[in-house]
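> model this:
(chains A and B)
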Amino acid sequence: NAGVTQTPKFRVLKTGQSMTLLCAQDMNHEYMYWYRQDPGMGLRLIHYSVGEGTTAKGEVPDGYNVSRLKKQNFLLGLESAAPSQTSVYFCASSYELAGGNEQFFGPGTRLTVL
Amino acid sequence: GNSVTQMEGPVTLSEEAFLTINCTYTATGYPSLFWYVQYPGEGLQLLLKATKADDKGSNKGFEATYRKETTSFHLEKGSVQVSDSAVYFCALSEGGLTGGGNKLTFGTGTQLKVEL
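Model (predicted):
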């Protein structure tokens, strides 16, 4: 099993450009998440999904959109990139229910917006 | 709302030294508590967890005890190795039946550097 994979690994954008980050998991998990990691701030939840066709806002959703058309995929979109969105983005997935379930993380995407 | 506070780093130790990384939390209910580790250039991996008060999580020589009375979940290891150098994140989750989606709230992370 590959676990959680993310593409691309690195990307440089100019302000105003758009892009989509792809997350895929092969563990048949119901829940998927997108986080951003910034120095001194830990990980902050952008959006999450509790099942195919559903999405919900996290702590810092502004400027991002997501879609979960297939259970195994969770896409994060930036419609008009801004320098403040320079960050490392992590996708994660977990089984449903019970707060004690582990989240499995992908390797991350490093995004720079110039 | 929920929050997690952990000691600031970086923490620099000599190999075989004792490690403590403090973590305290604020939560409205009865959260599960986690320690995740991030090695350079990688994603986060679960190190250990505890799901109720007085539980002790342990893995790879690390351990942490869920203390409800002090709202703490301090990470300890008796003898660190160079290979333990990483960033350690404390986190809590109140998901599940509340419909919270098993969301995690993270601390800011503590960088550990172990030297020979």
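> Enumerate the residues of chain B near chain A.
Contacts of chain B with chain A, taken as CB under 8 Å from any CB of the partner chain, map to B:4, B:31-32, B:34, B:36, B:41-46, B:49, B:51, B:89, B:93-97, B:100-104, B:106-109. No exception for glycine: its C-beta is placed from N, CA and C like everyone else's.
> Provide a ChimeraX selection command restricted to the buried entries of those.
Listed next is the ChimeraX selection for buried residues among the residues of chain B next to chain A, using 16 or more other CB atoms under 10 Å in any protein chain shown:
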select /B:4,31,32,34,36,43,44,46,49,51,89,93,94,95,96,100,101,102,103,104,106,107,108,109
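> Filter the residues of chain B next to chain A down to just the ones in strands.
Taking DSSP state E, the ones among the residues of chain B next to chain A that sit in strands are B:V4, B:S32, B:F34, B:Y36, B:L44, B:Q45, B:L46, B:K49, B:F89, B:S93, B:L104, B:F106.
> Mind pulling up the pLDDT for the spatially most central residue of chain A?
For chain A, the residue nearest the mean C-alpha position is A:W34 (2.7 Å; CA atoms, centre = their mean). At A:W34, the predicted lDDT confidence score is 96.
> From chain B, how far off is it?
To chain B, A:W34 is 12 Å away according to CB to the nearest CB, to the nearest Å.
> so what's that residue up against?
A:21, A:23, A:45-48, A:58, A:64, A:66, A:74, A:76, A:89-91 (CB atoms under 8 Å, 6 or more residues apart in numbering or on different chains).
> Now secondary structure too, for those, in JSON lines please.
JSON lines is the format used below for the contacts of A:W34 (DSSP: H, G, I helix; E, B strand; the rest coil):
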{"residue": "A:L21", "secondary structure": "strand"}
{"residue": "A:C23", "secondary structure": "strand"}
{"residue": "A:L45", "secondary structure": "strand"}
{"residue": "A:I46", "secondary structure": "strand"}
{"residue": "A:H47", "secondary structure": "strand"}
{"residue": "A:Y48", "secondary structure": "strand"}
{"residue": "A:G58", "secondary structure": "coil"}
{"residue": "A:Y64", "secondary structure": "coil"}
{"residue": "A:V66", "secondary structure": "strand"}
{"residue": "A:F74", "secondary structure": "strand"}
{"residue": "A:L76", "secondary structure": "strand"}
{"residue": "A:Y89", "secondary structure": "strand"}
{"residue": "A:F90", "secondary structure": "strand"}
{"residue": "A:C91", "secondary structure": "strand"}
